[in-house]
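**Student:** kindly generate the corresponding structure for this input.
(one chain, ligands or ions: 2)
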Amino acid sequence: MSDSLPVELICATGLTKEYPRPGGAARVVDDVSFSIRRGETLGLVGESGSGKSTVARMILRLIEPTSGSVRFAGQDVLAASRHDLRLLRRRMQIVFQDPYAALNPRMSVRQILAEPFAIHKQRPEGGLEARLNEMLTTVGLDAAALTRYPHQFSGGQRQRINIARALALRPEFLVLDEPVSALDVLVGAQVVNLLRDLQRDHGLTYLFISHSMPLVRYLCDRVAVMQKGRLVEIGDVLDICEHPSESYTQELIAATPQLP
Ligand SMILES: Nc1ncnc2c1ncn2[C@@H]1O[C@H](COP(=O)(O)OP(=O)(O)OP(=O)(O)O)[C@@H](O)[C@H]1O
Ligand SMILES: [Mg+2]
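**Tutor:** Ligands and ions are numbered 1, 2, ... in the order given. Next up, the predicted model:
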């Protein structure tokens, strides 16, 4: 590995995903290329079914692309051996939309937060108990949460638990797949502010998938716009919000109400 860090943490090139369908394959992601710089938040927007989650999952190699390449810190993710992929998985995490579905209802918060250390056979520096407390504090929850179960928390608190778990192994990159879409506006705004603070404090790099242009404008440095599997526009978030060059992007901006 080289000593000099490339500016780009993520480089996706020509990402394509086809699913077999009677009468020919359906191409749900078509030749998508972009990069994400270290410490940056790239927004990914587009109507439902445009392929946003599929792109995110291919970057993390949760699903295999039909073609294309992904580099993480210069390393070829799709060519990585099982061993290298395990190491990469510590460095990139995903937070999903539905904070309840993502948490096993039979596991206490302690078990949920300790699981990544068990899976990756890691012993946190300073001990597990101290680290679990620290993880909860980081997301604005009290250590008393450890003995409780997911159903005992509100939606916003559950999403904080998901975020805490995602941060367990101190990743560099988080995919946030509509992390606040299931929450009401005020609670969602608090979680977005938490994400913003976490990025500032830990130098995280984000791919933030959202339907809300105002949220993307608030949180993101750049935004990529997807339509029917293709990336139709990418650039500085303020430039694109003020001067969208695609009529489709204009429609997306017009379709979402402004934040108060
Ligand atoms: N396993 C699969 N098999 C077949 N088609 C799939 C599969 N997964 C996704 N698709 C299709 O791929 C397209 C893109 O889906 P994807 O979930 O990436 O969209 P999205 O932009 O994330 O949408 P949303 O905003 O609703 O989350 C959709 O038409 C979807 O039906
Ligand atoms: Mg999706």
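**Student:** mind listing what A12 touches?
**Tutor:** Residues in contact with A12 (C-beta atoms under 8 Å, 6 or more residues apart in numbering) are 32-35, 55, 58-59, 68-70. Quick note: C-beta positions are derived from backbone N, CA and C, even for glycine.
**Student:** sorry, wrong one. I was asking about N162.
**Tutor:** Applying C-beta under 8 Å, 6+ apart to N162 gives the contacts 95-96, 99, 102-103, 179.
**Student:** then it would be within a strand, right?
**Tutor:** No. Applying DSSP: H, G, I helix; E, B strand; the rest coil, one finds N162 to be helix, outside a strand.
**Student:** sorry, back to before: please indicate which of the contacts of A12 are buried?
**Tutor:** Buried by 16 or more other C-beta atoms under 10 Å: 32, 34-35, 55, 58-59, 68, 70, out of these.
**Student:** give me the buried positions along the one helix or strand A189 maps to.
**Tutor:** For A189, the host element (DSSP states H and E) is helix 185-202. Residues 187-189, 191-192, 194-195, 198-199 are the ones in helix 185-202 that count as buried (16+ other C-beta under 10 Å).
**Student:** is any part of whatever helix or strand comes next after that helix close to ligand 1?
**Tutor:** Where DSSP H and E defines the elements, the next helix or strand beyond helix 185-202 is strand 205-209. No. Strand 205-209 stays clear of ligand 1 (C-beta under 6 Å from any ligand atom), getting no nearer than 6.8 Å.
**Student:** stretch 51-65 too?
**Tutor:** Yes. Judged by C-beta under 6 Å from any ligand atom, stretch 51-65 comes into contact with ligand 1 at 51-54.
**Student:** helices - which of those land there?
**Tutor:** Counting by DSSP state H, the part of those found in helices is 52-54.
**Student:** now do the SS call for A254.
**Tutor:** Classification of A254 using three-state DSSP returns helix.
**Student:** tell me how far it lies from ligand 1.
**Tutor:** 18 Å (C-beta to the nearest ligand atom, to the nearest Å).
**Student:** ok, now how distant is L42 from Q111?
**Tutor:** Plainly put, L42 is 33 Å away from Q111 if you go by C-beta to C-beta, to the nearest Å.
**Student:** please identify which of these two sits among more neighbours.
**Tutor:** For L42 and Q111, the more surrounded residue by other C-beta atoms under 10 Å is L42, and the numbers stand at 22 against 13.
**Student:** surely the more buried one is in contact with V223?
**Tutor:** Yes. The pair L42 / V223 is scored as a contact, 7.1 Å apart, by C-beta atoms under 8 Å.
**Student:** now do the helices in the stretch 101-250 of the chain.
**Tutor:** Ranges of helices within the stretch 101-250 of the chain are 109-119, 128-138, 155-167, 185-202, 213-219, 237-242, 247-255, based on DSSP state H, counting those that start in this stretch.
**Student:** next, format those as JSON lines and append mean pLDDT.
**Tutor:** JSON lines is the format used below for these (pLDDT from 0 to 100):
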{"stretch": "helix 109-119", "mean pLDDT": "96"}
{"stretch": "helix 128-138", "mean pLDDT": "96"}
{"stretch": "helix 155-167", "mean pLDDT": "96"}
{"stretch": "helix 185-202", "mean pLDDT": "95"}
{"stretch": "helix 213-219", "mean pLDDT": "92"}
{"stretch": "helix 237-242", "mean pLDDT": "93"}
{"stretch": "helix 247-255", "mean pLDDT": "85"}
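**Student:** which of those sits most buried?
**Tutor:** Highest mean neighbour count of these: helix 155-167, a mean of 22 (counted as mean count of other C-beta atoms under 10 Å).
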